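1. Sharing a model that was predicted from the sequence below.
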Amino acid sequence: MATDILSTDFDRLRLKTKTVGADRIKRAKDNNEDIAVLSMFLPGATAAKENATFRCHLGIECRLGDCRDTTPGTKKMEYKTRQWHEKCFCCCVCKTAIGTKSFIPREQEIYCAGCYEEKYATRCIKCKKIITSGGVTYKNEPWHRECFTCTHCQVSLAGQRFTSRDEKPYYYATVRPPYEDTYQEYAYPYEHDHNYYKQTENTEQNHADQGVVVDPECLIKHPLQSTWTLWYQEPDRSKSWEDTLNEVTSFSTVEDFWSLYNHIKSPADIKVGSDYSLFKKDIRPMWEDEGNKRGGRWMVNVPRSQRQELDKYWLDTILCLIGEAFESSDDICGAVVNVRPKGDKIAIWTSNFQNREAVLNIGRIYKERLGLNAPLTYHLHKDTMVKSGSSVKAVFTL
């Protein structure tokens with residue numbers, strides 16, 4: 001839970017401690033206020049006794065050269081039980097005389113507002129700048145409200161429901177998991193085992209066993225914009241291509257997605273020659289499908305030497321899909337990851353290549369989200385159906 005910061009320690013101390021002129025001396029002392037009193041050394045016998053007891057707190061370091069100087073018309077500063085010449089009542093850091101400006105006492109030292117702020121004021125854990133007003137705390141660390149954002153999509157989390165993973169905050173709509181289960185992995189989940197889904201509902205007890213405190217709101221399921229279906233295909237020469245295509249399951253909430261994702265093998269661990277496909281419900285991962293045949297795909301090539309990046313790219317890809325990261329989400333059909341001996345591929349499929357602006361917008365965002373340096377290419381399904389490999393020319397390159 002993130003907590004609002006109403007004001008910083010710097011603000012509160014500065015409001016308590018002020019310098020005042022002679023017109024407020026008596027009232028300040030009568031009210032026992034935590035303030036400094038600036039007054040003038042007076043001439044004549046009436047002030048002789050008071051002047052005789054004065055000794056500048058700086059002692060031999062007195063800026064006037066004489067810590068007992070009480071020249072009439074000059075001023076003295078009184079704070080707590082100590083006294084200074086006006087010019088000696090200085091910030092311990094910059095040595096500037098405080099005069100009638102605000103100051104902050106700390107550990108027997110006096111600071112001007114600027115030096116105290118620089119040394120002690122609360123700073124945002126993200127941008128390192130001072131939090132002057134407002135802000136939130138999360139895991140005992142301060143943030144500007146505008147800096148407290150989702151790790152994945154950068155949407156502001158101030159006032160929003162969010163969760164965390166690996167000590168980092170995530171907005172629910174970006175579908176980062178509120179928890180992570182540790183059951184046995186499968187190439188794809190066994191067929192609709194109802195006990196499997198019941199196990200994931202016991203989240204609160206699982207967290208209690210692990211010593212993790214869970215907000216009850218985390219147990220509420222959060223709907224996605226679309227329903228998605230996961231497909232798994234494993235090579236089998238005894239079957240037709242379409243017969244090797246297995247529909248695993250569909251999901252429409254953040255929690256159901258992570259329950260599925262955390263129970264299946266990652267792309268790097270499945271059999272070489274196999275595919276995972278994630279498509280909107282009622283769209284099959286086939287070029288010939290009505291939802292796909294007029295479209296194409298943005299292709300990411302992952303060399304074997306970068307196999308360790310495959311799982312990250314795939315997870316970021318499907319998070320972009322189900323988290324609606326694209327402005328033209330209606331043009332998205334799904335995504336496919338192909339695990340192959342010479343190098344792996346990941347592709348986002350779009351519905352209509354003639355929607356040039358939408359296709360290019362999807363490609364730009366996708367490349368940025370994956371942090372790709374290599375070119376990202378777009379190929380038409382109709383070309384891929386009649387050609388193969390490097391003979392298929394890209395119609396767009398980013």
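-> That came in fine, so what should we check first?

2. CA only for contacts and neighbour counts going forward, please
-> Noted.

3. Just checking, which helix or strand of the protein averages the lowest pLDDT?
-> Lowest mean confidence among the helices and strands of the chain (mean pLDDT, DSSP states H and E): helix 194-201, at a mean of 36.

4. Name the strands paired with the helix or strand hosting I348 and say parallel or antiparallel.
-> Taking DSSP states H and E as the definition, I348 sits inside strand 343-350. Paired strands of strand 343-350, with direction, are strand 296-303 (antiparallel), strand 332-338 (antiparallel) (DSSP bridges).

5. Only C-alpha atoms, please: export it in PDB.
-> This file holds the C-alpha atoms of strand 343-350, laid out as PDB (Å, rounded to 0.1, in the frame of the first residue of the first chain):
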ATOM      1  CA  GLY A 343      17.100 -19.600 -34.500                       C
ATOM      2  CA  ASP A 344      13.800 -18.600 -32.900                       C
ATOM      3  CA  LYS A 345      11.100 -16.200 -34.100                       C
ATOM      4  CA  ILE A 346       8.400 -14.100 -32.400                       C
ATOM      5  CA  ALA A 347       5.700 -12.300 -34.400                       C
ATOM      6  CA  ILE A 348       2.800 -10.100 -33.700                       C
ATOM      7  CA  TRP A 349       0.000 -10.600 -36.200                       C
ATOM      8  CA  THR A 350      -2.200  -7.800 -37.400                       C
END
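
6. where along the stretch 101-250 of the chain do the strands fall?
-> 103-106, 109-112, 136-138, 141-143, 162-165, 168-171, 223-233, 245-253 (DSSP state E, counting those that start in this stretch).

7. Give me the mean pLDDT for the last one.
-> Averaging pLDDT along strand 245-253 yields 91.

8. Can you name the element that comes right after it?
-> Where DSSP H and E defines the elements, the next helix or strand beyond strand 245-253 is helix 254-261.

9. what is the orientation angle of that following helix with strand 223-233?
-> 20 degrees (axes from the mean of the first three to the mean of the last three CA atoms, to 10 degrees).

10. Mean confidence (pLDDT) on the next helix or strand along the chain from helix 254-261, please.
-> For helix 254-261, the following helix or strand on the C-terminal side (DSSP H and E) is strand 275-280. For strand 275-280, mean pLDDT rounds to 95.

11. do you know which of the strands paired with strand 343-350 lies nearest Y232?
-> strand 332-338 (9.8 Å; CA to CA).

12. and that closest one, how far from the chain's centre?
-> Centroid separation for strand 332-338 versus its chain: 27 Å, with CA atoms, centre = their mean, to the nearest Å.

13. now do stretch 109-118
-> Counting by CA atoms, centre = their mean, stretch 109-118 comes out at 31 Å from the chain centroid.

14. in it, what's buried?
-> By 16 or more other CA atoms under 10 Å, the buried positions in stretch 109-118 come out as I110, Y111, C112, A113, C115, Y116, E117.

15. now the helices for the stretch 51-200 of the chain?
-> Along the stretch 51-200 of the chain, the segments classed as helices by DSSP state H, counting those that start in this stretch run 113-120, 194-201.

16. For Q354, find the nearest of the strands of the stretch 101-250 of the chain.
-> The nearest among those, by CA to CA, is strand 223-233 at 23.3 Å.

17. Give me the distance between C88 and Y111.
-> C88 sits 13 Å away from Y111, taking CA to CA, to the nearest Å as the criterion.

18. Start and end of stretch 259-275, how far apart?
-> Using CA to CA, the end-to-end distance of stretch 259-275 comes to 20 Å.

19. just how off-centre is it within its chain?
-> 28 Å.

20. Stretch 227-243 too?
-> Per CA atoms, centre = their mean, the centroid offset for stretch 227-243 relative to its chain is 38 Å.

21. For E141, grab the count of nearby residues.
-> 13 (other CA atoms under 10 Å).

22. Nearest to I98, out of the strands paired with strand 343-350?
-> Closest among the strands paired with strand 343-350, using CA to CA: strand 296-303, at 63.2 Å.

23. buried sites along the helix or strand just after the closest one?
-> Per DSSP H and E, the first helix or strand lying C-terminal to strand 296-303 is helix 310-322. For helix 310-322, the neighbour count (16+ other CA under 10 Å) marks L310, D311, Y313, W314, T317, I318, L319, C320, L321, I322 as buried.

24. picking that back up, closest to N51 among the buried residues of stretch 109-118?
-> Nearest member of the buried residues of stretch 109-118 to N51, counting by CA to CA, is I110, at 23.8 Å.

25. Name the residues linked to that closest one by a beta bridge.
-> When bridges are called by DSSP bridges, I110 pairs up with P105.

26. thinking it is in contact with C90, fair?
-> Yes. Between I110 and C90 there is a contact at 7.0 Å, judged by CA atoms under 8 Å.

27. For this structure, give me the ranges with low pLDDT.
-> Judged by pLDDT under 70, the chain has its weakly predicted residues at 1-35, 44-47, 133-134, 158-161, 163-166, 171-220, 387-391.

28. could you point out the longest helix in it?
-> Longest helix in the chain, counting residues (DSSP state H): helix 356-370.

29. packing partners for it?
-> Helices and strands touching helix 356-370, by 3 or more CA pairs under 8 Å, 6 or more residues apart in numbering; DSSP states H and E, are helix 310-322.

30. And the contacts of the helix it packs on?
-> 174-175, 224-226, 228, 266-268, 278, 302, 325-326, 329, 332, 334-335, 337, 344, 346, 348, 366, 369-370 (CA atoms under 8 Å, 6 or more residues apart in numbering).

31. Report the angle between it and strand 275-280.
-> Using the same axes, to 10 degrees: helix 310-322 against strand 275-280 is 10 degrees.

32. Now find how far off-centre helix 310-322 is within its chain.
-> 18 Å.

33. Check which residues of the longest helix of the chain are buried.
-> A358, V359, L360, I362, G363, Y366, K367, R369, L370.
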